[in-house]
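Asker: A structural model of the following input is requested.
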Amino acid sequence: MEVAHLNQKQLAARWVEKVIVSPNDLEVRLRANGIERLVLELRPEPVEQQAEAMA
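Answerer: Here you go, the predicted structure:
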């Protein structure tokens, strides 16, 4: 998966846990591991795992 193929909604779903809107405030809670999850998804698989997946 490449970043170019991810749309904004998918990226937000990975990073944002919750959005709270009130008359006087806006609170955005980010996932602690949101960026880590994205990096892991974008990282190429090791050759061994690719060979297993093709078998």
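Asker: dump the residue contacts of residue 14.
Answerer: Residues near residue 14 by C-beta atoms under 8 Å, 6 or more residues apart in numbering: 31, 34, 37, 38. Bear in mind the C-beta positions are built from the backbone N, C-alpha and C, glycine included.
Asker: sec struct for the closest residue in space to the last one that isn't next to it in sequence, please.
Answerer: In this structure, residue 38 finds its nearest non-sequential neighbour in residue 14, 5.4 Å apart by C-beta to C-beta, 6 or more residues apart in numbering. Reduced to three states with DSSP: H, G, I helix; E, B strand; the rest coil, the structure at residue 14 is helix.
Asker: And residue 14, how far from residue 44?
Answerer: 18 Å (C-beta to C-beta, to the nearest Å).
Asker: now residue 20
Answerer: Taking C-beta to C-beta, one finds residue 20 at 37 Å from residue 44.
Asker: One more: residue 26?
Answerer: From residue 26 to residue 44 the distance is 37 Å (C-beta to C-beta).
Asker: Give the burial count for residue 15, as a bare number.
Answerer: Neighbour count for residue 15, taken as other C-beta atoms under 10 Å: 15.
Asker: Many thanks, I have nothing further to ask.
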